[in-house]
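1. I would like the atomic coordinates for the input below:
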Amino acid sequence: MQKQERKNNDKDPFLQFSNAAAFKVKKVLIITYYWPPGGGAGVQRWLKFVKYLRGEGFEPVIYTPSNPENPVDDESLLKDIPTGLEVIKTPIWEPYDLYKSFIGRKKNEKINTGFLSEKKKNPVMEKIAVWLRGNLFIPDARKFWIAPSVKFLTSYLSRHPVDAIISTGPPHSMHLIALGIKKNMHIPWLADFRDPWTNIDYYKDLMLTPSADRKHHRLEKEVLTTADVVVTIGETMRQEFEKICNRKVEVITNGFDEDDVYTGPVAPDKKFSLAHIGTLVKSRNPKMLWQVLGEIAGEDRSFASDLEIKLVGKVDVSVTESIYEEGLEKYVSKTDYLDHSRVMRVQQESAVLLLLLNDTPNSKGILTGKFFEYLAARRPVLCIGPVDGDAARIISETGCGVTVDFNDKVRLKEAVAEYYQTFKNGLPVTGENNFDRYSRKRLTNVLAGLLNRMINKKDV
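-> Residues are numbered from 1 along each chain as shown. Reported below is the predicted structural model:
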């Protein structure tokens, strides 16, 4: 039997006010796999929306697994959960113990997102595991939570009505839970896509059979056409989804939370520190950057003595190998994971923040959540990615840095040299303006507007 875990606090002042006749609060159920104390990029977006939704007249209710396979844990995120928030948890079964045993991993090892691997693997066993993953677990390994969740929530919502439901993916199984509820109860539904589905960078690596590929596309289209509102994080993804479903798709980017910005005195790194925050998967490995840094270090002793490469987050073994090939290992400081409360300060201390986009066909649409925190840190951003992509456009609008194409080694070397000269001159280099629109509070206001229009059954 599924276990329901609910947390309430009748003394919360907002809830007391919300019961007043003069202020009608709308309830919204949010279906999310990632939730604190789980950490990582998948948690941030909806944790921050939830933090500010009450101020927009909505009372969120969270539905999440009681035993998820989180890539990392981060207790510091618990402070952002509003007092008295109702969190409903039911157990989930995932095939990860079988997967770990199959590829020779220990039971307590964490499973990384995407295809990141921090050490060498048995290539044959890994290929078999990937084939099984792609073809048997559609849309993802959380598929076994769909039917039990639809049954549980249909019963729960009949007794505890809400004004709207929200699903956020990946994992896209969350959308299929919402789809089932929509069919059963016809509650207004907003589907939020933090990443693509069939156009995600590793989709081609899943080794899908034609029938599995068709099923992914069919489910994707059903979600996109059935949800009352579809939201995604950038213009490129919006255009891609609109081609699939032939309807309007909304954009609400990721953002930064003003409360996370460290406001005390910040001592800039004494080294010329190039910092990357977040996971570095194989497709994000900037081989050209390592070559440029190795060349400049070999040509300029001062640069070599000042250089520091700060990597905060999990790093694929291919990245480590590339760094060693260029003789840069002595310049690297690596931290597997930092609490979110500490990450922001590290960004503010760094000389340059690296935004490394996946060199994949969908690179124009990649807008990592960490990028918006880079804006709030007011440190210069060096982006390696398409110069006509979504990230490049925001970098240009805000004046926060430069974008260099994946293959433009000459321009990359110039950019690094320019930033280094600025560092030597002691001049502050920060983002200039136009980034307040990306604050989490303002973005939540946009979300609330969509929810109100959807609930009131106006055109969206």
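2. Tabulate the CA atom coordinates of the one helix or strand Leu224 maps to in CSV.
-> Here Leu224 is covered by helix 210-226, with elements defined by DSSP states H and E. What follows is the C-alpha trace of helix 210-226 in CSV, where atoms were taken according to Å, rounded to 0.1, in the frame of the first residue of the first chain:
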residue,chain,number,x,y,z
PRO,A,210,11.8,2.1,-34.8
SER,A,211,8.8,1.1,-32.6
ALA,A,212,10.4,2.6,-29.4
ASP,A,213,11.2,5.8,-31.3
ARG,A,214,7.6,6.0,-32.5
LYS,A,215,6.3,5.5,-29.0
HIS,A,216,8.4,8.3,-27.6
HIS,A,217,7.2,10.6,-30.4
ARG,A,218,3.6,9.6,-29.9
LEU,A,219,3.7,10.2,-26.1
GLU,A,220,5.5,13.5,-26.5
LYS,A,221,2.8,14.7,-29.0
GLU,A,222,0.0,13.5,-26.8
VAL,A,223,1.3,15.5,-23.8
LEU,A,224,1.9,18.6,-25.9
THR,A,225,-1.6,18.5,-27.5
THR,A,226,-3.6,17.5,-24.4
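3. Which positions within it qualify as buried?
-> In terms of neighbour count (16 or more other C-beta atoms under 10 Å), helix 210-226 has its buried residues at Ala212, Asp213, His216, Leu219, Glu220, Lys221, Val223, Leu224, Thr226. Quick note: C-beta positions are derived from backbone N, CA and C, even for glycine.
4. thinking Phe256 is in contact with Arg378, fair?
-> No - look at Phe256 against Arg378 with C-beta atoms under 8 Å: they stay out of range, at 10.7 Å.
5. For Leu354, grab phi and psi.
-> In this entry, Leu354 is assigned phi and psi values of phi -90, psi 120 (degrees, to the nearest 10).
6. For the remainder of this discussion, apply numbering that starts at 47.
-> In the new numbering, first residue 47, that becomes Leu400.
7. OK, contacts around it?
-> Leu320, Ala321, His322, Pro332, Leu335, Val427, Leu428, Ile430 (C-beta atoms under 8 Å, 6 or more residues apart in numbering).
8. can the residues you listed go into CSV with extra columns for distance to Leu93 and pLDDT?
-> As requested, the contacts of Leu400 are arranged in CSV below (distance: C-beta to C-beta, whole Å; pLDDT from 0 to 100):
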residue, distance to Leu93, pLDDT
Leu320, 28, 97
Ala321, 23, 96
His322, 23, 96
Pro332, 29, 95
Leu335, 31, 97
Val427, 24, 95
Leu428, 28, 97
Ile430, 29, 97
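9. Mind checking which of those residues are in strands?
-> Leu320, Ala321, His322, Val427, Leu428, Ile430 (DSSP state E).
10. out of these, what pair is the most spread apart?
-> In those, two members sit farther apart than any others by C-beta to C-beta. They are Ala321 and Ile430, at 14.0 Å.
11. So, low pLDDT: which residues of the stretch 397-506 of the chain?
-> For the stretch 397-506 of the chain, applying pLDDT under 70 flags the ranges 474-479, 504-506.
12. right, and the helix or strand after the longest strand along the chain?
-> With DSSP E applied, the strand covering the greatest number of residues in the chain is identified as strand 104-111. Read in the C-terminal direction, the helix or strand following strand 104-111 is strand 132-136, with elements assigned using DSSP H and E.
13. per-residue confidence for Ala224?
-> Reading off the per-residue confidence, Ala224 sits at a pLDDT of 98.
14. just Glu115 next, same as before
-> Here the pLDDT value assigned to Glu115 is 86.
15. re earlier: can you list the strands that the longest strand of the chain pairs with?
-> As defined by DSSP bridges, the strand partners of strand 104-111 come to strand 72-77 (parallel), strand 132-136 (parallel).
16. Out of those, which gets nearest to Gly373?
-> Between Gly373 and the strands paired with strand 104-111, the tightest spacing by C-beta to C-beta is seen for strand 72-77, at 48.1 Å.
17. same for the helix or strand where Pro194 lies, what does it pack against?
-> Element membership of Pro194 [criterion: DSSP H and E] is helix 192-205. Counting contacts by 3 or more C-beta pairs under 8 Å, 6 or more residues apart in numbering; DSSP states H and E, the secondary-structure elements packed against helix 192-205 are strand 72-77, strand 132-136, helix 219-231.
18. And that helix, how far out from the chain middle?
-> Averaged C-alpha coordinates place helix 192-205 at 27 Å from its chain's average position (C-alpha atoms, centre = their mean, to the nearest Å).
19. for stretch 461-472, same thing?
-> Mean C-alpha position of stretch 461-472 versus that of the full chain (C-alpha atoms, centre = their mean) differs by 31 Å.
20. do stretch 233-240 as well
-> Using C-alpha atoms, centre = their mean, we find the averaged C-alpha position of stretch 233-240 to lie 17 Å away from the chain's own average C-alpha position.
21. Find the residue closest to Asp306 in space, skipping its chain neighbours.
-> Met390 (5.0 Å; C-beta to C-beta, 6 or more residues apart in numbering).
22. and that neighbour, that's in a helix?
-> Yes - according to DSSP: H, G, I helix; E, B strand; the rest coil, the state of Met390 is that of a helix.
23. Count residues in the vicinity of the residue nearest to Asp482 when sequence neighbours are not counted, would you?
-> Closest residue in space to Asp482, ignoring its immediate chain neighbours: Arg488 at 7.1 Å, by C-beta to C-beta, 6+ apart. In terms of burial, Arg488 registers 13 neighbours under the definition other C-beta atoms under 10 Å.
24. picking that back up, which one among the buried residues of helix 256-272 gets closest to Val361?
-> His262 (29.0 Å).
25. Number of residues surrounding the closest residue to the closest one other than its chain neighbours?
-> Among residues not flanking His262 along the chain, Thr244 sits closest, at 5.3 Å (C-beta to C-beta, 6+ apart). For Thr244, the number of neighbouring residues by other C-beta under 10 Å comes to 18.
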